[in-house]
Structures are given as structure tokens and as C-alpha cells.
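Q: Give me a 3D structure for the following:
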Amino acid sequence: MSRIFFALLLLAAALVQATFLPAIEGVDVIPNIALVLLLVWSASHSIEEGLIWAFALGLWFDMLTLDPLGIHAIPLMLVALAGAAVRGRFFRSGAILPIAAVIAVTIGAGLLMIVLDFLRGERVLFVGQMRILLVMAFLNALFVPFIYLVVLIIERVTPGRVS
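A: Numbering: from 1, shown residues only. Prediction:
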């Protein structure tokens, strides 16, 4: 049951992030809430589940943004792998490791996306995109406590098994 709520939350976060937030005038950098959700879920669940969510979320982003199929799934799978790598230490370390992990994963996934855009023949302005990526990384870090609280509530409120 918790996976259904998480799926709806993940789909809604990606929909808002890909469609509504870029349309707001004056907002140049938007947080990647779906990335933070995926990292927190991957850190609190298994690596297999994180990779499945990452692949599905990547395909959903591809459909929403009309990008080539699979272009978002590859960086998001990196996010799931990073979540699995810090799984045991993610929430027992206080606030430092989760925030550092989100910053590192945002930059890593963004760099991978820049490389994939370059390989596709897109025009890449590396310095400008890195500036935006750094601001986005710190903006994502602000959302870690809230996202962790939401995932914790989903885990606590929903029953583990429905019989």
C-alpha cells in the first residue's frame, strides 16, 4: 500500500516539476523533488526497488518532456544506486550525510545529463549549466528533511500488507 502512495507522489512530483514549475515567470531554477524522493526511497528500501522506480520515473520524465526515450532514466538510475550505497548510514548519521548525498547526486546526475546531451549533438553551455546545477543541488538539499518526513509518514501510516 505504501508503494502505491509513493508512486502517486512520485508521478505528481514529476508532473509538477516538468510541466507547471517551468511555466512560472521569474523562476529560473526549480528543485528536483522527484530526484530527492527517489534518493530517500532508495536509501530506505532495496537497491532493486530503487532501480525499478528510477527506470519508471525516467520513462515518465521522457514522456512529459518529449525527450528521447531513456535519456532521463540513466541519470535517475545513478541516483538509485547512490541511495543504495548510503543506505545503512543515510538516516543514522544525522542531517549531514543525507544533505551531502543529495548535493553529490544532483551534481552527478546533472553532469551525466550534460554528457548525454552533448553525445546527442545538443549545444551544451557547460559553465552556464554548471551554475544552474550547483544552485539546484543546494535547493534540493533544502527539501531533504521534508521529503524524509513524507516518506516516513507514508511508511508509518499505510499498512505493510493487505490481506
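
Q: Does the closest residue to residue 33 other than its chain neighbours lie in a helix or a strand, and which?
A: Distance criterion Cβ to Cβ, 6 or more residues apart in numbering; nearest residue to residue 33, sequence neighbours excluded, is residue 13 at 4.5 Å. In short, each C-beta sits where N, CA and C put it, glycine included. Take DSSP states H and E as the rule and residue 13 turns out to sit in helix 2-15.

Q: Give me the residues contacting that helix.
A: 33-34, 37-38, 41, 53, 57, 60-61, 64, 150-151, 154-155, 158, 160 (Cβ atoms under 8 Å, 6 or more residues apart in numbering).

Q: how about the helices of the protein, start to end?
A: When assigned using DSSP state H, the helices of the chain occupy the ranges 2-15, 33-44, 47-65, 73-85, 96-119, 126-142, 144-157.

Q: quick one on the thing from earlier: how deep is the residue nearest to residue 33 tucked in, by neighbour count?
A: By other Cβ atoms under 10 Å, 21 other residues sit near residue 13.

Q: Next, work out how far apart it and residue 87 are.
A: Applying Cβ to Cβ, to the nearest Å, the value for residue 13 to residue 87 is 21 Å.

Q: Residue 58 now?
A: 21 Å.

Q: These two: who's more crowded?
A: A count of neighbours by other Cβ under 10 Å puts residue 58 above the other of residue 58 and residue 87, at 25 against 16.

Q: shouldn't the more buried one be in contact with residue 77?
A: Yes: Residue 58 lies in contact with residue 77 (Cβ atoms under 8 Å); the separation is 7.2 Å.
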